[in-house]
Each structure stands twice: as C-alpha cells, then as structure tokens.
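Participant: Build me a model:
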Amino acid sequence: MRIIRNDFFGALFLLGYYLIICFLLPMLYKVLFGVKNELVRKTQHVAYSLSIFLLIKLFSSWYAAIFAASLLVAIGYPALLFLERSPRYKKFFVDRKKKGGELKLQLLLVNATFGLLIFIFWGLLDIKWLYIAPVAIMAWGFGDAAAAVIGKAFGRRKIKNRCVHGPKTYAGTIAMGVVAFLAAFLTLFFYAGKSLPASLITAMVVAPVCAVVELFSPKGSDTITVPLAAASVILPLMLLFQLWGW
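Facilitator: Predicted coordinates for the structure are as follows:
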C-alpha cells in the first residue's frame, strides 16, 4: 500500500510540475513580460526535458513511471484540444501551427520518448543503466534549445541541403553540438558519477551525433530521433568503459 501511495503522490507531483512549470509559467512570461515566442517555446522544451528526473525518481517501478507519463498525456491532450478551440488560445500559448496542435504533438512525443527510454533502460535492462535515459534527454533538450535560440539570433549562413528540413543554420548546429556536449558530460559526471575520461569521451562522441541527427530529422521528430540516437551511442561506450574499469 505504501508503494502505491507513493506512486500516486508521484503522479500528482508530475501533473503539478507540468501544469505549473511547463504551461503556466511560460504563459505568464509571454503575456506579462512579452517574452519572444521562440524563447517561451524553448523554456517549455527545457522544462519538458528536466521532467525525466521526476519519472525516474518518484516512482517505484518502470511500469509505474510509464503509467504516470501515459496519464499525463491522457489528461493533457484533451485539455489542449479543448483550449485550442478558444480564440484567445494563441494569445496565451505558443503554437506555430495555424490551427494549433503543436503542443499536443510535443506532449505526446516527449512522453512517448521518455516511456520508451524508461522501458529499455529500466524495464529490459538492469536499473543500473537507467542513467542513460536522462543523459540522452539532457543532450537533446538543452542542445536543441540552444540550436533554436542561437540559430535565430546569430545564424546568418543557412545550411542548404535537400535532406535538411526547415531553416537550419551553421550557428544553430554548432550550438547544438557544443551544448549537447556540456549537457551530456555534466549529467554523466555529476549525476551518474562516471569517471572523468569516460564522461568526456562519451560526451565528445554523443554531441556530434545529436547535432547531425537533429539536422536531418523531419520537423518535430527530433524529439524522438535525437534522444534515441544519443542513447544508442552511450550504451556501447559505457559497456566498453566498464570493461576497461573506467
């Protein structure tokens, strides 16, 4: 009963986090302080990313964590569907689609990605590999936010390639790589407690992978492709370093 009660309060805390940190605060930034839409979007983006720590810390099992993420979608998706019908929706929320739908899609994709990573690195593999999920998410979350903000602010040279979706710039892609490196390294070294050489080398490999995958991912799909690509690189590297005693 105690475990069920803790999982229940964990789910309530997660719902409160999304409501306040991911939706209400960014909405206030936009309405009260006139923060630019792109900065509001990426604030939400980073807030989404950080919620991975709640999912892996608040719940007693991998299936409880996935259930909580699914419950969040089950509540948030229809709520956003209802709010999109209001003529004041665009005043309070940042949604680049003319008729709305971006926030719903991101809510679905983010939690699907979290659920998949938790299933793989907690459900299928031993829990000792669970740290890979937040490392991959931090590399994507902070890296992608930096790519958008830096790319729009300083990007002058656009990357011209028919396989690149959307207006990507060299400045944005470089920012993605640099920040993904920092995020992966810091999470591995300070959160996962990995050695300095293992953390540095892994981050150096993961960063360009994230930057390239983000560059060629169709619009919006980087929410899934980048974390999965990062995780697929981190696991074999950490297995190798474990054999070496790092």
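Participant: Can you get me a residue count around the nearest residue to D95 once chain neighbours are set aside?
Facilitator: Using C-beta to C-beta, 6 or more residues apart in numbering and skipping the chain neighbours, the partner closest in space to D95 is E102 (4.6 Å). Every residue, glycine included, has its C-beta placed from N, CA and C. Neighbourhood size, E102 [other C-beta atoms under 10 Å]: 17.
Participant: what's the answer for G177, then?
Facilitator: G177 has 24 neighbours, counted by other C-beta under 10 Å.
Participant: and it, what does it touch?
Facilitator: 143, 207-208, 210-211 (C-beta atoms under 8 Å, 6 or more residues apart in numbering).
Participant: so for whichever strand or helix holds it, what's the average pLDDT?
Facilitator: Per DSSP states H and E, G177 falls inside helix 170-186. Across helix 170-186, pLDDT averages out at 95.
Participant: by contact count, what packs against the following helix or strand past that helix?
Facilitator: Next in sequence after helix 170-186, counting helices and strands by DSSP H and E, comes helix 196-216. If you count contacts as 3 or more C-beta pairs under 8 Å, 6 or more residues apart in numbering; DSSP states H and E, helix 196-216 packs onto helix 132-154, helix 170-186, helix 222-244.
Participant: Now for the residue positioned nearest the centre of the chain: which residues touch it?
Facilitator: Nearest to the geometric centre of the chain sits S49, at 3.5 Å (C-alpha atoms, centre = their mean). Counting by C-beta under 8 Å, 6+ apart, S49 makes contact with 137-138, 140-142.
Participant: what about F241, how many residues close to it?
Facilitator: 17.
Participant: do the same with the one 4 residues further on
Facilitator: G245 has 6 neighbours, counted by other C-beta under 10 Å.
Participant: Then R162?
Facilitator: Look at R162: counted by other C-beta under 10 Å, it has 5 neighbours.
Participant: same check, this time on K57
Facilitator: If we define neighbours as other C-beta under 10 Å, then K57 has 10 of them.
Participant: what's the answer for the one 4 residues further on, then?
Facilitator: By other C-beta under 10 Å, the residues close to S61 number 14.
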